[in-house]
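>>> Prediction below, plus the sequence it came from.
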Amino acid sequence: MQPAATSYLDMDPEVSAALRNGQAVVALESTIISHGMPYPENVETATRVEQTVRDGGAIPATIAIIGGRLKAGLTGDEIRNLGERGQAVTKTSRRDLPFVVSRGADGATTVAASMIVAAMAGIRVFATGGIGGVHRGVEQTMDISADLEELARTAVAVVCSGVKSVLDIGRTLEYLETKGVPVVGYGTDRLPAFFTPSSGFPVDYRADTPAEVAAALRTKQELGLSGGVVVANPIPVEHALDGDEIDAVIAHAIKEMEQLGITGKDTTPFLLGKIAERTEGRSLRANIELVVNNARLAAEIAGAL
């Protein structure tokens, strides 16, 4: 990141002080607030996630663009504004950053954009729900999330519940392998599938403690290796959904999406909305719990670093 880039960055005083004093900090994305959940659950979840990070001994830094300024750390009012406006806020990935910033607009940052701002601020651990990936039917659409390319270039550890289950998990893992991005299963040998603890696909490495993860991250940095690390943390069993049920719901939602001609960045919000509708809100509750669980682990890893 060029030094001039930081002139566009505003860090919350608490976040800045924590980084200056060597205290643990965890970055959090904002697309989950504006595009991932309905209001008011989105604001309530964002607030709960921030508190979970604090309870874990770290400082939360929710990332977004406010009035054209990159923000590492939001106020409660800023989070509420993003939640109330929802999808009216621009969903911002790497390609969108220069336009949202130059136009003085507000933007909710995806995993990719949040990683960029986190790295710019000096934050090494980031918590989210699930990462983007290779979409089903990629041979026709060539739809591959920018999250994967960002993981290949930006040195931030992403704690997530694996790949979003609406995606092609096998091809996503192949893409990450090609880009040299390690996928670490936390307490598991199998990649989680967002709403369920296991996709059946093996991870590259297993780690059973935050200290193990931190040691690998520290060594990776000392070796001068670029790119991020996926830390795949399974959803707690008590909050997981039945795998066969969720697969059937996803298949139906994808078929409906194709019939409506929905593509690009609108696909994930549409699919998650349909899944929530067809599971009568159970998927939303699962989504909330897995994000909270990831924030808890991210705080522990950041502390171990």
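Nice, thanks for sending it over. Residues are numbered from 1 along each chain as shown.

>>> Which residue in the chain shows the largest distance from the geometric centre?
No residue in the chain sits farther from the centre than Q259, which is 28.1 Å out by Cα atoms, centre = their mean.

>>> Would you mind measuring from it to A27?
From Q259 over to A27 the distance is 37 Å, taken as Cβ to Cβ, to the nearest Å. C-beta: built from backbone N, CA, C; applies to glycine.

>>> Kindly report the same for E84.
Separation of E84 from A27 (Cβ to Cβ): 23 Å.

>>> Those two: which is more packed in?
A27 (30 against 15; other Cβ atoms under 10 Å).

>>> just the helices in the stretch 51-200 of the chain please.
76-85, 97-102, 111-121, 138-141, 146-153, 169-178 (DSSP state H, counting those that start in this stretch).

>>> Quick check: which of those helices is buried the most?
Highest mean neighbour count of the helices of the stretch 51-200 of the chain: helix 111-121, a mean of 26 (counted as mean count of other Cβ atoms under 10 Å).

>>> who does that one touch, helix- and strand-wise?
The contact analysis (3 or more Cβ pairs under 8 Å, 6 or more residues apart in numbering; DSSP states H and E) places helix 111-121 against strand 9-11, strand 25-28, strand 59-66, strand 69-72, strand 125-127, helix 146-153.

>>> Tabulate the ones you listed in a markdown table, adding columns for distance to P236 and mean pLDDT.
Output for the helices and strands packed on helix 111-121, formatted as a markdown table (distance: least, Cβ to Cβ, whole Å; pLDDT from 0 to 100):
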| stretch | distance to P236 | mean pLDDT |
| --- | --- | --- |
| strand 9-11 | 32 | 98 |
| strand 25-28 | 19 | 98 |
| strand 59-66 | 21 | 98 |
| strand 69-72 | 29 | 98 |
| strand 125-127 | 15 | 98 |
| helix 146-153 | 24 | 94 |
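
>>> Between those, which one is closest to V230.
helix 146-153 (6.6 Å; Cβ to Cβ).

>>> Work out the gap between the closest one and the centre of the chain.
Counting by Cα atoms, centre = their mean, to the nearest Å, helix 146-153 is centred 12 Å from the centre of its parent chain.

>>> for stretch 271-285, same thing?
Taking Cα atoms, centre = their mean, the mean C-alpha location of stretch 271-285 is offset from the chain mean by 19 Å.

>>> List the buried residues in that stretch.
L271, L272, G273, K274, I275, A276, R278, T279, R282, S283, L284 (16 or more other Cβ atoms under 10 Å).

>>> Over to stretch 14-22?
V15, S16, A18, L19.

>>> check contacts around the second one.
Neighbour list for S16: empty [criterion: Cβ atoms under 8 Å, 6 or more residues apart in numbering].

>>> For it, pull up the helix or strand it's in.
Applying DSSP states H and E as the criterion places S16 in helix 13-20.

>>> want to throw the buried residues of stretch 271-285 into JSON lines with distance to E50?
Listed next are the buried residues of stretch 271-285 as JSON lines, based on distance: Cβ to Cβ, whole Å:
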{"residue": "L271", "distance to E50": "26"}
{"residue": "L272", "distance to E50": "21"}
{"residue": "G273", "distance to E50": "24"}
{"residue": "K274", "distance to E50": "28"}
{"residue": "I275", "distance to E50": "25"}
{"residue": "A276", "distance to E50": "23"}
{"residue": "R278", "distance to E50": "30"}
{"residue": "T279", "distance to E50": "26"}
{"residue": "R282", "distance to E50": "24"}
{"residue": "S283", "distance to E50": "23"}
{"residue": "L284", "distance to E50": "19"}
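
>>> of those residues, closest to R54?
Among these, L284 lies closest to R54 (Cβ to Cβ), at 23.7 Å.

>>> Need the per-residue pLDDT for the closest residue to P236 other than its chain neighbours.
With sequence-adjacent residues excluded and distances taken as Cβ to Cβ, 6 or more residues apart in numbering, P236 is closest to N293, at 5.8 Å. According to the prediction, N293 has pLDDT 98.

>>> I appreciate the help and will end here.
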